[in-house]
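Student: got a predicted structure plus its sequence, pasted below:
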Amino acid sequence: MEIFFLYNAKINKLYYINGMCEDIDIKTKTRLYELGFFKGEKIRVLKKSLMGGTILVEIMNNVLSIRKEEALCVQII
């Protein structure tokens with residue numbers, strides 16, 4: 001099993017959240033938890049913006065847009 005970051009995920013493939021990176025600030029970490037980014041939760045990347053600034057994800061039957069900086073802190077398997 002390979003662990004990598006959400007920003008590097010392939011589009012429309014199902015992944016599971018493995019955790020957050022250790023150097024994430026508490027404000028961002030809290031925001032991601034409030035949006036449902038918990039360990040073991042299923043997540044799917046639906047689209048990436050042309051400039052790479054944001055990605056559209058599906059998590060817990062919700063569609064969310066998150067910034068690149070946040071996506072680089074979410075570890076997936």
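Tutor: Structure's in. What do you need? Numbering: from 1, shown residues only.
Student: so how many other residues sit close to the nearest residue to Ile59 once chain neighbours are set aside?
Tutor: Take Ile59 and drop its neighbours on the chain: the residue closest to it by C-beta to C-beta, 6 or more residues apart in numbering is Ile43, 4.8 Å away. C-beta here means a position set from N, CA and C on the backbone, and glycine is covered the same way. By other C-beta atoms under 10 Å, 20 other residues sit near Ile43.
Student: so which residues of this protein form helices?
Tutor: Here the chain has its helices, by DSSP state H, at 26-34, 68-71.
Student: most packed of those?
Tutor: Comparing the helices of the chain by mean neighbour count (mean count of other C-beta atoms under 10 Å), helix 68-71 ranks first with a mean of 17.
Student: tell me what it is packed against?
Tutor: helix 26-34, strand 54-59 (3 or more C-beta pairs under 8 Å, 6 or more residues apart in numbering; DSSP states H and E).
Student: relative to the shortest one, what are the paired strands and their orientations?
Tutor: Meaning strand 54-59. Here strand 54-59 has these sheet partners by DSSP bridges: strand 42-48 (antiparallel), strand 62-67 (antiparallel).
Student: among these, show me which one is buried the most.
Tutor: In terms of average neighbour count - mean count of other C-beta under 10 Å - the standout among those is strand 42-48, at a mean of 16.
Student: what's next to that one, contact-wise?
Tutor: Contact partners of strand 42-48, identified using C-beta atoms under 8 Å, 6 or more residues apart in numbering, comprise 6, 9-17, 37, 54-59, 63, 74, 76.
Student: likewise stretch 8-22?
Tutor: Identification of contacts with stretch 8-22 by C-beta under 8 Å, 6+ apart yields 3, 5-6, 29, 32, 37-48, 72-77.
Student: again, but for stretch 59-75
Tutor: Here stretch 59-75 makes contact (C-beta under 8 Å, 6+ apart) with 3-7, 17-21, 24, 28-29, 31-32, 35-37, 41-44, 46, 52-58.
Student: ChimeraX command to pick out the buried ones of these?
Tutor: Only the buried entries of those go into this ChimeraX selection, using 16 or more other C-beta atoms under 10 Å:
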select :6,7,17,18,20,24,32,37,43,44,55,57
